[in-house]
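generate coordinates for the sequence data below:
(one chain, ligands or ions: 2)
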Amino acid sequence: MTTATDCLFCRIASGAIPSTRVYESDDIVAFRDIDPKAPTHVLVIPREHIVSLDHLEPRHAELVGRMHLAAANIARDEGLDDGWRAVVNVGEGGGQTVFHLHLHLLGGRSLTWPPG
Ligand code: 5GP
Ligand code: ZN
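Ligands and ions are numbered 1, 2, ... in the order given. Coordinates of the predicted model:
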């Protein structure tokens, strides 16, 4: 498992930094965003330190699929029956501020499209 001691989300995944977890498995952790942009705002991350979607390798294909399955299950648990959104910001220009891959799960309010 690749971890980076100076990475915020690696430290959240290991439990070194506390978070409100809503799901975890061998290779995935999901926790509530500290600054929520919607009533439900959960971040789904791999335990492995992957910088972004730009840094995926073919061996990550199933992991990324499991991240989406986890998000769908969490959305169901959160009662987001009317719909929800999955977002991955990639790189500084894409709005990424934490450089450990994470899928935003947003819901519980009306979501406009396109985003800003
Ligand atoms: P990005 O902008 O990289 O796509 O998203 C990073 C997200 O991480 C932001 O929504 C931000 O609020 C969240 N975040 C930053 N620091 C922390 C933290 O220490 N704990 C939690 N739970 N979320 C954080
Ligand atoms: Zn990391």
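
partners of the longest strand along the chain in the sheet?
Looking across the chain with DSSP state E, the single longest strand is strand 40-46. Strand 40-46 has its sheet partners listed here by DSSP bridges as strand 28-32 (antiparallel), strand 103-107 (antiparallel).

what's in contact with it?
Strand 40-46 is contacted by residues 9, 12-13, 22-23, 27-33, 60, 63, 67, 70-71, 74-75, 78, 80, 84, 100-108 when judged by C-beta atoms under 8 Å, 6 or more residues apart in numbering. Yep, even glycine has a C-beta here, placed from its N, CA and C like the rest.

tabulate the CA atom coordinates of that strand in CSV.
Only the C-alpha atoms of strand 40-46 are listed here, as CSV (Å, rounded to 0.1, in the frame of the first residue of the first chain):
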residue,chain,number,x,y,z
THR,A,40,-24.8,15.4,2.1
HIS,A,41,-21.1,15.9,1.1
VAL,A,42,-19.0,12.7,1.5
LEU,A,43,-15.5,12.1,0.1
VAL,A,44,-14.8,8.6,-1.1
ILE,A,45,-11.0,7.9,-1.3
PRO,A,46,-8.8,4.9,-2.0
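
which other helices and strands contact the helix or strand following that strand?
Reading on from strand 40-46 to the C-terminus, the next helix or strand found by DSSP states H and E is helix 61-77. Packed against helix 61-77 by the contact rule (3 or more C-beta pairs under 8 Å, 6 or more residues apart in numbering; DSSP states H and E) you find strand 21-24, strand 28-32, strand 40-46, strand 84-87, strand 103-107.
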